[in-house]
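*Asks:* Just a sequence and a predicted model for now, questions to come.
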Amino acid sequence: MHFNEFRTILQPHLDYELDPESEQGRVIMHGENPMQVIAGPGSGKTETAVLRVLVLMFVMEINPKSIIMTTFTEKAAKNMRDRILTYAGFLFDQYPDLRHQINIYDLRIGTLHSLCADIMQEYRYTGYQNFRLMDEMEQYLFTMQHSNFVQDPERFFPIFEQFDYLFQGYDPISGLSGWRDHNYPPNQWQRTRAAILLFNRITEGVIDRNRMRQAGPAWDLLIEAYDQYHRQMALHQRCDFPTIQKIFLEFLNSHVGRRFIEGDPSEPEIHPGIAHVIVDEYQDTNPIQEAIYFALARGTHNLCVVGDDDQALYRFRGGTVECMVTFDHACRHYWGMRSTSRYLSVNYRSHPAIVNYCDEYIRSFPVMGIKGARVEGKPQLSAGSSITGTYPAVAFIRGRTIEDTAQNFARCVRYLLDNHIIENANQCALLMRSVKESPRNAGHFADALRDQGILPYNPRSRQFLEQEEIAAALGAFVSIIDRNLQGIGGVRGQQIRDNISHKVEEWIRAYDRAAATSPALRNYVDEARQAIQTKTQEMFQRRDRKTKIGVSMGDVYYHILAHEPFRGWQEDPERTYRLGQLSAIFEQYASIPYLDSPGSYRGDLRASRDRPAISFGWLKDFYNHLVGRLIASGMNDPEEEDIIAPPNRLPIMTVHQAKGLEFDFVFVYGLNRDVEVEEAIHLEDNFEPFRQTQSYIHMIQDQRAAQDIVRFYYVAYSRAKWALIQLVPDAHLRKRPPGFGIIGRNLQRFRMTHQL
DNA sequence: CTGGGTGCAGTTTTT
DNA sequence: CTGCACCCAG
């Protein structure tokens, strides 16, 4: 198909001109060799990437199977796939025969992790056979129980000292902040968290292990712990998120991988090779992902990366905007060639005043002018949307206290609705750092909205454990296995014991409330407890040296759910979803094998050898590992998959959640975020000397911390289409001289706008 | 408008 | 434990 036909078919479905001579057109029509597309907010970067893929398939007649397209999140990947299917549908409608020639479903599109898993599966790569990819919770439980870093703190003490900054934060379980007494190791939860951070860093940072080993005893020990953790994963056929990428990189360098990348002329249908690699959200790429992309495209050099260096938000995950800023450098390093740079700088999303505000905002910070902070030669944003009007498109709302500010905000939304400036509350969004409904965070805002008769939509408020059905299910479970809460006595640390028993008592009260309406539930719980009691008694009298009771956690849990009120609750999809999540967590815990006895799992209730009861050690581990983790983590409510916010609900979200989205009215709260050098920055610096690809950019920690904050607000501000309204309680202005530091400048800038 | 005392709550994000 | 939001006295 010629491009002109392609354009004629699609143009009626687009709200902009598809022009091959425009900057967008040049991206779409770009042929061979590496290209980076630097695209500002609202410039249609995903649309451009999608059209490029369509042109590759329909105009340039590239086999879909040889095109790889990836992005950062599942949601974004789904969005891209949907758009491609929609546009491809229009093209097929005009040329039905093409359906037989172009199989759109062959396109390799998804998050990098899902592609890694799929491709290695397809090629039956021996390094990744029957592995279970662990999610965050599983990795946590697995690491806690299988890593010597956690299990043998004496040996790895030097690492704790070396990375003491990983133990500085507040620990919700022990109620302590920081690692106070260096005569003792940090507690097991802190050690687990640190182990995961360090292990993930080593993998994601593409670390040269030999260089690290030679750097000193603590580094040598770290590699020892890392290797031991990886041996455990291999032994138990498990894999974590960074490691699947590491294995994939090994696959790409293997014989099979070569066939995948370069193709197999004897079977071109099955192994066409990789012709094009297109990566969206490239600014959040980490070194191992960069290595994967350059490996995938090594045959043709057709690597197209799309992103906005100013919207990099994922340093905590090892993401480094450096990958974007130094893309050209990387192309020279890997392939000895230069890349083409394209800039999409017309914003089609926002009112010109907002575009201006965002652009001036990011350029007003001297720290953003440092070499390496932004892509060189990046043009200013220009406004291209049809939104006009002389109303105050950038404004702020003040209040004496947080509560006042929240009420003024809710009144403003009410006003917008009453005067039909907006038709639906879901045209707005409230963006803030934490959406927990506590007084410092979203609490007052959610309440104020409700007072105005506007329901907030806040599925990520992490109120999992506070939900009646969850508390009741856990309470029933504990009532069966440990009615007197004896196992809690095995948890070390007074404060920790208190916190855990406080929570567990809450659950038991919730169970009591549920049982009050359901005698059958109470019957079951009492009988089950009795049965376990009898069974352990028998085993004890028989002097049975085995400890298997023959009952699993899952059995008990599902029997609980089979009774009222849980049965009735299962008609509510949200409650069902939450109970399902709890069962998944139980299942994850249950499936963790014991270190010493293969074939036996945590999920099997164990009897004590010394007393007629459930094993104290088993109960202790249950509280320590599962209950402790549940209390510390906080889980989110189910979210509607395709809907950002249901009708008549006002979404409250974090800036990260809002990334990639747009709203007519955006309210931003929490402009007083302070510059702090977080642990991700320390880790970056600590691991930098061992990276296989050395960094070209050297910025001091404070500069990187400041840039992160500027980018954070930039993402928030640039979500707004019609109006951007900042919410500022007086307390946030105190002790912050305008113009002083990042926050002061932030505050100075909003003061130049209108007060509502 | 400032400073000290009191009371309460305790990041966030992804695969 | 630390840090902030808020209150009230000056």
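*Replies:* Okay, I see it.
*Asks:* What's the separation between residue A:69 and DNA strand B?
*Replies:* Going from residue A:69 to DNA strand B by CB to the nearest atom of the strand, to the nearest Å gives 15 Å. C-beta coordinates here come from the backbone N, C-alpha and C atoms, glycine included.
*Asks:* tell me the SS of that residue?
*Replies:* What DSSP: H, G, I helix; E, B strand; the rest coil gives for residue A:69 is strand.
*Asks:* Was I right to think it contacts residue A:275?
*Replies:* No - taking contacts as CB atoms under 8 Å, residue A:69 lies outside contact range of residue A:275: 11.9 Å.
*Asks:* The two: who's more crowded?
*Replies:* residue A:69 (25 against 20; other CB atoms under 10 Å).
*Asks:* Report the contact partners of that one.
*Replies:* Residues in contact with residue A:69 (CB atoms under 8 Å, 6 or more residues apart in numbering) are A:49, A:53, A:80, A:107-109, A:277-280.
*Asks:* By proximity to DNA strand B, which residue of the stretch 501-650 of chain A wins?
*Replies:* When scored by CB to the nearest atom of the strand, the stretch 501-650 of chain A has residue A:634 as its residue closest to DNA strand B, at 6.5 Å.
*Asks:* Tell me how far that residue lies from residue A:437.
*Replies:* Distance check for residue A:634 against residue A:437: by CB to CB, to the nearest Å, it reads 12 Å.
*Asks:* quick one: which of these two has more around it?
*Replies:* Shown here are residue A:634 and residue A:437; by other CB under 10 Å, residue A:437 has more neighbours (19 against 15).
*Asks:* Give me the phi and psi for residue A:647.
*Replies:* Per-residue torsions, residue A:647: phi -50, psi 140 (degrees, to the nearest 10).
*Asks:* For residue A:181, give its distance to DNA strand B.
*Replies:* Applying CB to the nearest atom of the strand to residue A:181 and DNA strand B gives a distance of 17 Å.
*Asks:* where does that residue fall, helix, sheet strand or coil?
*Replies:* Using three-state DSSP, the structure places residue A:181 in coil.
*Asks:* neighbours of it, just the number please.
*Replies:* Residue A:181 has 8 neighbouring residues, counting by other CB under 10 Å.
*Asks:* now residue A:161
*Replies:* Residue A:161 sits with 11 neighbouring residues when counted by other CB under 10 Å.
*Asks:* ok, now residue A:14?
*Replies:* A count of neighbours around residue A:14, defined by other CB under 10 Å, yields 13.
*Asks:* Now do the contacts for the residue lying closest to residue A:243 once chain neighbours are set aside.
*Replies:* Closest residue to residue A:243 apart from its sequence neighbours, by CB to CB, 6 or more residues apart in numbering: residue A:203 at 5.8 Å. Residues counted as contacts of residue A:203 (CB under 8 Å, 6+ apart) are A:242-243, A:245-246, A:288.
*Asks:* repeat for residue A:305
*Replies:* A:34-37, A:278-279, A:282, A:285, A:293, A:324, A:327.
*Asks:* Pull out the buried residues from those residues.
*Replies:* Buried by 16 or more other CB atoms under 10 Å: A:34-37, A:278-279, A:282, A:285, A:293, A:324, A:327, out of these.
*Asks:* so where does residue A:606 fall, helix or strand?
*Replies:* strand A:604-606 (DSSP states H and E).
*Asks:* hey, where'd the strands end up in the stretch 451-600 of chain A?
*Replies:* Ranges of strands within the stretch 451-600 of chain A are A:455-457, A:548-552, based on DSSP state E, counting those that start in this stretch.
*Asks:* Export these to CSV and append columns for distance to DNA strand B.
*Replies:* Shown next, in CSV, are the strands of the stretch 451-600 of chain A (distance: least, CB to the nearest atom of the strand, whole Å):
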stretch, distance to DNA strand B
strand A:455-457, 14
strand A:548-552, 27
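*Asks:* Would you tell me which residues of chain A are close to DNA strand B?
*Replies:* For chain A, the residues in contact with DNA strand B (CB under 7 Å from any atom of the strand) are A:72-75, A:111, A:113-114, A:135-136, A:169-170, A:172, A:175, A:177, A:241-242, A:313-314, A:316-317, A:433-436, A:438-441, A:460, A:462, A:634, A:654, A:656-657, A:676, A:678, A:734.
*Asks:* at 6 Å instead, please
*Replies:* Within reach of DNA strand B by CB under 6 Å from any atom of the strand, chain A has these residues: A:73-74, A:111, A:113-114, A:136, A:169-170, A:172, A:175, A:177, A:241, A:316-317, A:433-434, A:436, A:438-440, A:460, A:654, A:656-657, A:678.
*Asks:* Just the buried residues from these, in ChimeraX please.
*Replies:* Per 16+ other CB under 10 Å, the buried members of the residues of chain A next to DNA strand B correspond to this ChimeraX selection:
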select /A:111,113,114,241,433,436,460,656,657,678
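*Asks:* Which ones among the residues of chain A next to DNA strand B map onto helices?
*Replies:* Residues of the residues of chain A next to DNA strand B located in helices (DSSP state H): A:74, A:113-114, A:136, A:241, A:656-657.
*Asks:* Confidence-wise, which of these comes last?
*Replies:* The member of those with the lowest pLDDT is residue A:136, and it reads 88.
*Asks:* any idea how far DNA strand C is from that one?
*Replies:* Residue A:136 sits 25 Å away from DNA strand C, going by CB to the nearest atom of the strand.
*Asks:* do residue A:11 as well
*Replies:* From residue A:11 over to DNA strand C the distance is 51 Å, taken as CB to the nearest atom of the strand.
*Asks:* Make sure that residue is indeed in a helix.
*Replies:* Yes - assessed with three-state DSSP, residue A:11 lies in a helix.
*Asks:* per-residue confidence at it?
*Replies:* For residue A:11, the pLDDT comes out at 96.
*Asks:* list the contacts for it?
*Replies:* By CB under 8 Å, 6+ apart, residue A:11 lies in contact with A:17-18.
*Asks:* Then residue A:66?
*Replies:* Residue A:66 makes contact with A:263, A:272-276, according to CB under 8 Å, 6+ apart.
*Asks:* now do 6 Å
*Replies:* Contact analysis of residue A:66 by CB atoms under 6 Å, 6 or more residues apart in numbering lists A:272-275.
*Asks:* again, but for residue A:589
*Replies:* If a contact means CB under 6 Å, 6+ apart, then residue A:589 has A:141, A:602, A:626 as its contacts.
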